[in-house]
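A.B. asks: got a predicted model here, sequence first, then my questions.
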Amino acid sequence: NAGVTQTPKFRVLKTGQSMTLLCAQDMNHEYMYWYRQDPGMGLRLIHYSVGEGTTAKGEVPDGYNVSRLKKQNFLLGLESAAPSQTSVYFCASSYSEGWGRGQPQHFGDGTRLSIL
Amino acid sequence: AQSVAQPEDQVNVAEGNPLTVKCTYSVSGNPYLFWYVQYPNRGLQFLLKYITGDNLVKGSYGFEAEFNKSQTSFHLKKPSALVSDSALYFCAVRDMDNFNKFYFGSGTKLNVKP
């Protein structure tokens, strides 16, 4: 059981380049999330999805786009990378509250992205 | 607005001693609170949660947390620390206006010395 898998694990981009981060989960979770982690700031929610074909903005959505065409996959896109987007990106997934209150999130191991 | 605060960037304890990692919260209504642990170069792992009921909740790896409504706190505790407990710990709260969102604290680095 792989859980939540993120690809790639590392990437270096030049300013202005674009790229897509892939998140895949094999737990049949309804909810999926993208966070960024910066030193001293904890995790901040970028975008999230409550089901296939749905997405919504989190705290820091600017400069990012997402898509959830299949239930098991959640893609995060950077259209024109900027140095301020240098960060560690985490994907997470969880069951909906319909399966019981307080469903915890399951996290991938992150993608370390540097923008030069 | 919902938020959590972890007032200590770092906590140092000796192996075998009790440990406490502090978390305070600000939410409207009754909170859903969580603790996660992060080891180097890994994602966050769920430790425990408080939804309702007993104020002392038990979780993985011998950790427990005490919910205190009057002090709006949810401190993580362990009676006897292990060197292997050294990691980054995050407190989180579910947004009670939008159940699909979580807010995380800034994290506390726990160092357990042999």
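C.D. replies: That came through, no problem.

A.B. asks: could you list everything the residue nearest the centre of chain A pairs with in the sheet?
C.D. replies: Most central in chain A under CA atoms, centre = their mean is A:Trp34, positioned 2.5 Å from the mean C-alpha point. A:Trp34 forms beta bridges with A:His47, A:Cys91, as assigned by DSSP bridges.

A.B. asks: and chain B, which residues reach chain A?
C.D. replies: Proximity of chain B to chain A is confined to B:9, B:32, B:34, B:36, B:41-46, B:49, B:51-52, B:90, B:94, B:99-102, B:104-107 under the rule CB under 8 Å from any CB of the partner chain. From N, CA and C alone the C-beta is placed, and that goes for glycine too.

A.B. asks: of these, grab the buried ones for PyMOL.
C.D. replies: Applied in PyMOL, the following selects the buried portion of these according to 16 or more other CB atoms under 10 Å in any protein chain shown:
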select buried, chain B and resi 32+34+36+43+44+45+46+49+90+94+99+100+101+102+104+105+106+107
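
A.B. asks: residue in chain A nearest to chain B?
C.D. replies: Here the residue of chain A nearest chain B is A:Phe107; by CB to the nearest CB that distance is 3.2 Å.

A.B. asks: tell me the contacts of the residue nearest to the centre of chain A?
C.D. replies: A:Trp34 sits next to A:21, A:23, A:45-48, A:58, A:64, A:66, A:74, A:76, A:89-91 when contact means CB atoms under 8 Å, 6 or more residues apart in numbering or on different chains.

A.B. asks: between these, which is nearest B:Ser80?
C.D. replies: A:Phe90 (30.4 Å; CB to CB).

A.B. asks: could you measure that closest one against B:Ala81, distance?
C.D. replies: As judged by CB to CB, to the nearest Å, A:Phe90 and B:Ala81 stand 26 Å apart.

A.B. asks: what does B:Val83 show for phi and psi?
C.D. replies: Note on B:Val83: its backbone torsions stand at phi -60, psi -40 [degrees, to the nearest 10].

A.B. asks: re earlier: quick check: beta-bridge partners of the residue of chain A closest to chain B?
C.D. replies: A:Ala92.

A.B. asks: pLDDT score assigned to it?
C.D. replies: With respect to pLDDT, A:Phe107 has a value of 96.

A.B. asks: just give me the neighbour total for it.
C.D. replies: 24 (other CB atoms under 10 Å in any protein chain shown).

A.B. asks: that one touches A:Cys23, doesn't it?
C.D. replies: No. A:Phe107 is beyond contact range of A:Cys23, at 10.0 Å (criterion: CB atoms under 8 Å).
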